[in-house]
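# After the sequence you'll find the predicted model.
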Amino acid sequence: MDIFLKIVIVYLILNTLIWLLRHLNISRAKRNSESLDSRYPIGKFSPMPKVSVLVAGKNEERNIERCLRSLLGQNYPELQVIAINDRSTDRTGEIMDKLAGQSGGRLKVVHVRQLPDGWKGKPHAMHEGQKLATGDYLVFTDADCFFQCPDCIRIAVEFTMEKKVDLLSVLPVLETSSFWERVLQPVCSAVLIIWFQPERVNNPMSKVAYANGAFMLFSRSCYDRIGGHPAVKEHLMEDMAFARRVKGSGMKLYVVQNRDLYRARMYEDFSSTFTGWSRIFYGGFMHVSKVARAVLLLVIMSLLPCLILAGALMVATIKAWDVRELGWWVLAWSGFAMAAQMSVSVRFYQLMGSKWYWAITYPLGAMVTFMILMSSLKKFMGGTIVWRGSEIKL
């Protein structure tokens with residue numbers, strides 16, 4: 001028993017040190033990572049190129065009007081907005097048509113009636129929409145996004161031109177209103193950030209590729225060169241597939257955070273959050289080994305210290321050991337490990353735009369995220385995903 005307890009204590013000491021070292025990672029990320037906000041200086045380029053913004057929606061009657069009105073309110077001289085109604089069974093198409101009639105020709109609507117064999121829904125919808133696009137740059141976004149800054153598109157385009165970027169992905173500020181959104185969104189986002197660190201994505205010497213489909217800004221030449229949406233038609237996560245193709249072609253991929261340009265509410269309840277992130281992990285990691293490694297890392301770094309602390313407290317409460325035994329060292333170091341974990345979580349939650357006190361729910365979020373990752377693992381064995389009313393075969 002003494003040998004086992006010594007091993008546990010050594011593990012807890014190492015776990016505590018690793019968590020404390022993550023403070024350095026957060027400080028470096030805050031210091032080095034770029035972000036775009038409404039204060040970004042515009043007006044360096046004239047004339048501005050024409051931009052086509054495409055947004056697809058399936059059964060998005062709750063979100064689509066807010067999204068399209070925010071796009072039509074953008075301060076951009078040559079902006080074309082294209083909305084694609086992807087086989088909706090609610091009022092999504094009706095709302096799109098209404099806004100198109102009020103837009104003075106600035107909004108074009110495409111209605112998709114059928115999904116051809118071999119295509120996933122979103123890539124096909126965007127492919128149909130881009131047939132109308134006349135812009136030198138193409139922006140692909142989601143119906144659950146709200147562009148709060150009227151200069152968002154111009155800022156992104158000028159940043160792209162200044163950096164000579166082929167594909168720019170601007171990460172969303174996540175809106176979280178329900179309990180489970182606040183618990184799960186930061187933890188699930190952290191899993192992705194660990195594997196797809198922006199500084200590695202932006203490094204042309206690194207093979208790490210990542211893009212977020214909430215905002216992808218392509219130069220038209222880049223989009224055409226990599227084959228457009230037909231090249232990613234079978235991918236569940238076409239944004240990740242695009243990122244890999246762009247970087248694999250030797251073109252410049254760039255990911256940047258945003259402060260106040262736009263925000264997105266990905267999911268609204270526990271069920272959609274669980275299903276949505278399971279789909280993201282499955283499509284984003286692509287390989288069962290990567291998901292398995294993510295599971296192992298989450299267990300070792302986040303869940304085990306919590307379980308050890310709970311077990312040590314239980315044993316100490318019933319006085320199964322006295323103060324002279326190693327068990328008290330297990331109790332102490334498991335407490336240190338959890339304190340270190342919590343201190344990092346507080347800073348990370350603030351970095352993600354969440355209230356710092358929600359960090360107290362990190363152990364719960366980590367436990368449910370473990371279940372989501374396990375659900376993703378099962379998907380590699382086959383089956384289906386039901387998303388937006390469609391059954392997607394894996």
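Structure's in. What do you need?
# use CA for all of it now, contacts and neighbours both
Will do.
# And for stretch 286-306, what's in contact with it?
Contact partners of stretch 286-306, identified using Cα atoms under 8 Å, 6 or more residues apart in numbering, comprise 12, 15, 191, 281-282, 285, 334, 337-338, 341, 363, 366-367, 370, 373-374, 376-377, 380.
# Residue 186 versus residue 374, what's the distance?
18 Å (Cα to Cα, to the nearest Å).
# Neighbour count for those two, which is higher?
residue 186 (25 against 17; other Cα atoms under 10 Å).
# Quick one: the strands in the stretch 1-150 of the chain, in order.
Along the stretch 1-150 of the chain, counting by DSSP state E, counting those that start in this stretch, strands occupy 35-36, 51-57, 79-86, 107-112, 137-142, 145-146.
# quick one, what contacts residue 342?
Residue 342 neighbours (Cα under 8 Å, 6+ apart): 359-360, 362.
# Please point out which parts of stretch 39-53 sit buried.
Neighbour counts over stretch 39-53 (16 or more other Cα atoms under 10 Å) mark 48-53 as buried.
# Need the contact partners of it.
Stretch 39-53 is touched from outside by 77-82, 133-141, 154-155, 158, with contacts defined as Cα under 8 Å, 6+ apart.
# how many neighbours does residue 238 have?
Neighbours of residue 238 using other Cα under 10 Å come to 22.
# I meant residue 292, not that one.
16.
# Does it lie in a helix or a strand, and which?
Element membership for residue 292, per DSSP states H and E: helix 288-298.
# what are the C-alpha coordinates of that helix, in PDB please?
Output in PDB follows, covering the C-alpha atoms of helix 288-298 (Å, rounded to 0.1, in the frame of the first residue of the first chain):
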ATOM      1  CA  VAL A 288      -9.600   7.500 -33.700                       C
ATOM      2  CA  SER A 289      -6.000   7.700 -32.300                       C
ATOM      3  CA  LYS A 290      -6.200  11.500 -31.800                       C
ATOM      4  CA  VAL A 291      -9.600  11.300 -30.000                       C
ATOM      5  CA  ALA A 292      -8.200   8.500 -27.800                       C
ATOM      6  CA  ARG A 293      -5.200  10.700 -26.900                       C
ATOM      7  CA  ALA A 294      -7.500  13.600 -26.100                       C
ATOM      8  CA  VAL A 295      -9.500  11.300 -23.800                       C
ATOM      9  CA  LEU A 296      -6.300  10.000 -22.100                       C
ATOM     10  CA  LEU A 297      -5.000  13.600 -21.600                       C
ATOM     11  CA  LEU A 298      -8.400  14.700 -20.100                       C
END
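# so the helix or strand that it is followed by versus helix 288-298, what angle?
Counting by DSSP H and E, the element after helix 288-298 in chain order, helix or strand, is helix 304-317. On the basis of axes from the mean of the first three to the mean of the last three Cα atoms, to 10 degrees, helix 304-317 is oriented at 40 degrees to helix 288-298.
# can you give me the mean pLDDT across helix 304-317?
In this model, helix 304-317 has an average pLDDT of 87.
# residues of it that come out buried?
Applying 16+ other Cα under 10 Å to helix 304-317 flags 304-306, 308-309, 312-313, 316 as buried.
# now swap in stretch 219-229 and tell me
Neighbour counts over stretch 219-229 (16+ other Cα under 10 Å) mark 219-220, 222-223, 226, 228-229 as buried.
# And it, how far out from the chain middle?
Chain-centre distance of stretch 219-229: 23 Å, with Cα atoms, centre = their mean, to the nearest Å.
# circling back to that earlier point, including distance to residue 129 and mean pLDDT, could the strands of the stretch 1-150 of the chain go into JSON lines?
Formatted as JSON lines, these follow (distance: least, Cα to Cα, whole Å; pLDDT from 0 to 100):
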{"stretch": "strand 35-36", "distance to residue 129": "27", "mean pLDDT": "90"}
{"stretch": "strand 51-57", "distance to residue 129": "7", "mean pLDDT": "97"}
{"stretch": "strand 79-86", "distance to residue 129": "6", "mean pLDDT": "97"}
{"stretch": "strand 107-112", "distance to residue 129": "6", "mean pLDDT": "97"}
{"stretch": "strand 137-142", "distance to residue 129": "10", "mean pLDDT": "98"}
{"stretch": "strand 145-146", "distance to residue 129": "18", "mean pLDDT": "96"}
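# Of those, which is nearest residue 210?
strand 137-142 (15.0 Å; Cα to Cα).
# which neighbours does that closest one have in its sheet, and in what orientation?
Sheet pairing of strand 137-142 (DSSP bridges) gives strand 51-57 (parallel), strand 215-219 (antiparallel).
# Out of these, which is closest to residue 125?
strand 51-57 (6.4 Å).
# what angle separates that closest one from strand 79-86?
Per the same axes, to 10 degrees, the angle that strand 51-57 makes with strand 79-86 is 20 degrees.
# export strand 51-57 as CSV, just CAs?
Extracted C-alpha coordinates of strand 51-57, given in CSV (Å, rounded to 0.1, in the frame of the first residue of the first chain):
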residue,chain,number,x,y,z
VAL,A,51,-16.8,40.6,-51.2
SER,A,52,-19.5,38.0,-51.3
VAL,A,53,-20.7,36.7,-47.9
LEU,A,54,-22.5,33.4,-47.9
VAL,A,55,-24.6,32.0,-45.1
ALA,A,56,-26.5,28.7,-45.2
GLY,A,57,-29.3,27.8,-42.9
